[in-house]
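K.L.:
Test case, fold it:
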Amino acid sequence: MSLPLFYAAPHELDPDGGIVRLRGGEAAHIARSLRCRPGGEILVSDGAGRVYRVRLQSVEPREVRGSVAGEERFAEERPRVVLLQALGRPAKMDEAVALAAEAGISRLVPFAAPRSPEGSLEKSASRLDRWVKIAVEASKVARRPRPLAVERPVPWPPGGPVLAGQDLNVLLWEDERESALEDVLPAEAPVSLGIIIGPEGGFDSSEAALLKSEGAVAAGFGDLILRTQTAGPLAAAVVRYHYGLMRPGSSR
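P.N.:
This is a model prediction of the structure:
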């Protein structure tokens, strides 16, 4: 049985002294929900690639204290997959964030597309904290050394600096009939790769052309029509498989 993983703030970690102290919601979860006891073990990540195996010394709802029994360092994956996700209805966005975390996506950048629900960009500001919490919880379940980062939503079109942050941006578009996803992936893994996903109803030809004029490369995903909240995570899984990131220990 795998050990549960938790994320610690910098002030909660003292790896040189061999001590870890978790407080707040993490401590309450360990003590009340998991009912861990002194002598048991958990994994604690610093969120930046170091994961500590921690042997529990004291377990209380307000503070959990443990000693470092081991450490692993995980390299950053190449490519880092960035999901540019068109804003959709709240429940679909919640699902998209959770699935993105489980699929190993590095960053999620929501954006308002022409077919996004009316006022979604303005309303999304109040849901950003919720998406961050969903991302952290789903990342813990997936035992990720680095949690999914959810960024502040951006307006249409997500060009300029948003696309410039990736070495390659792939527009996953159901009307693309010439190039499949595997056709546009370079032989050598780029440092970062963006996947652009449209809202319910997708992009029309003029919207796709605008994204391509900003440097995105269009690719199809076969004859299946995927839901907006599942398309990005499925494409990310294909990318990670293509570059060998599905192999055990690939990031160690």
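
K.L.:
which one is Ser250 nearest to, not counting chain neighbours?
P.N.:
Residue nearest to Ser250 in three dimensions, not counting chain neighbours: Gly244, with 5.9 Å by C-beta to C-beta, 6 or more residues apart in numbering. Backbone N, C-alpha and C define where each C-beta goes, glycine included.

K.L.:
Helices of the stretch 51-200 of the chain, residue ranges please.
P.N.:
90-102, 120-124, 128-141, 161-164, 181-184 (DSSP state H, counting those that start in this stretch).

K.L.:
Now tabulate the ones you listed in JSON lines and tack on distance to Glu63, mean neighbour count and mean pLDDT.
P.N.:
Shown next, in JSON lines, are those (distance: least, C-beta to C-beta, whole Å; neighbours: other C-beta atoms under 10 Å; pLDDT from 0 to 100):
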{"stretch": "helix 90-102", "distance to Glu63": "27", "mean neighbour count": "21", "mean pLDDT": "97"}
{"stretch": "helix 120-124", "distance to Glu63": "35", "mean neighbour count": "17", "mean pLDDT": "93"}
{"stretch": "helix 128-141", "distance to Glu63": "19", "mean neighbour count": "17", "mean pLDDT": "97"}
{"stretch": "helix 161-164", "distance to Glu63": "40", "mean neighbour count": "15", "mean pLDDT": "93"}
{"stretch": "helix 181-184", "distance to Glu63": "47", "mean neighbour count": "14", "mean pLDDT": "95"}
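
K.L.:
could you dump these to a markdown table with distance to Glu12?
P.N.:
Formatted as a markdown table, the helices of the stretch 51-200 of the chain follow (distance: least, C-beta to C-beta, whole Å):
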| stretch | distance to Glu12 |
| --- | --- |
| helix 90-102 | 22 |
| helix 120-124 | 30 |
| helix 128-141 | 15 |
| helix 161-164 | 33 |
| helix 181-184 | 40 |
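
K.L.:
any idea how far the spatially most central residue of the chain is from Arg80?
P.N.:
Among the residues of the chain, Leu148 comes closest to the average C-alpha position under C-alpha atoms, centre = their mean, at 3.2 Å. Using C-beta to C-beta, to the nearest Å, we find Leu148 at a distance of 11 Å from Arg80.

K.L.:
who touches both of those two?
P.N.:
Contact criterion C-beta atoms under 8 Å, 6 or more residues apart in numbering; residues shared by Leu148 and Arg80: Ser106, Arg107.
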